[in-house]
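Visitor: Here's a sequence, model it:
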Amino acid sequence: MERNTLHKAERLCSKLQIEKLFAGGGSKSFSVYPLRVVFMPIEKKEEASASILISVSKRRFKRAVKRNRIKRQIREAYRKNKHGLLDFLREKTGGIAIAFIYLADEFVPTGEIERKMKVMLALIMEKSV
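Guide: Numbers count the residues shown, from 1 in each chain. All right, here's what the predicted structure looks like:
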């Protein structure tokens, strides 16, 4: 798999896994404003060791254009900084399901989201040991 891309296999699509993730059984969560992350170990699929889901509240951002822009920022920050997490998961030979939830009521600069993403990925590695 190419290192700096985000393939379909890396997206969390399974309704069953999403329900398990938010039901709380075995999942952990924490916040690094403007993002909250919920993650849970899963059986590793052949293609990807980490699957992600990105959520932006319709209540906070009525227009789909604005929600999509924020999702794009988060996806880009993850794509650029996921390598450390993937290497960690490869050593552990496990998989992980991650949901990123946007908490802020306004736009946050891409640079700040990227800085927070680095912190979050480091915390995910620390807490999933």
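Visitor: Other residues contacting stretch 48-60?
Guide: Stretch 48-60 is contacted from outside by 1, 7, 9-13, 17-18, 21, 42, 45, 67, 70-71, 74-75, 78, 82, 85-86, 89-90, 94-102, 104-105, using C-beta atoms under 8 Å, 6 or more residues apart in numbering. Every C-beta, even on glycine, is put in place using the N, C-alpha and C of the backbone.
Visitor: Swap in 7 Å and give it another go.
Guide: For stretch 48-60, the external contacting residues (C-beta atoms under 7 Å, 6 or more residues apart in numbering) are 7, 9-12, 18, 67, 70-71, 74-75, 78, 82, 85-86, 89-90, 95-102, 105.
Visitor: Is there a quick ChimeraX command that grabs whichever of those are buried?
Guide: Buried residues among the contacts of stretch 48-60 (16 or more other C-beta atoms under 10 Å), as a ChimeraX selection:
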select :10,12,18,67,70,71,74,75,78,82,85,86,89,95,96,97,98,99,100,101,102
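Visitor: Any idea how far apart the tips of stretch 20-37 sit?
Guide: Stretch 20-37 has an end-to-end distance of 15 Å (C-alpha to C-alpha, to the nearest Å).
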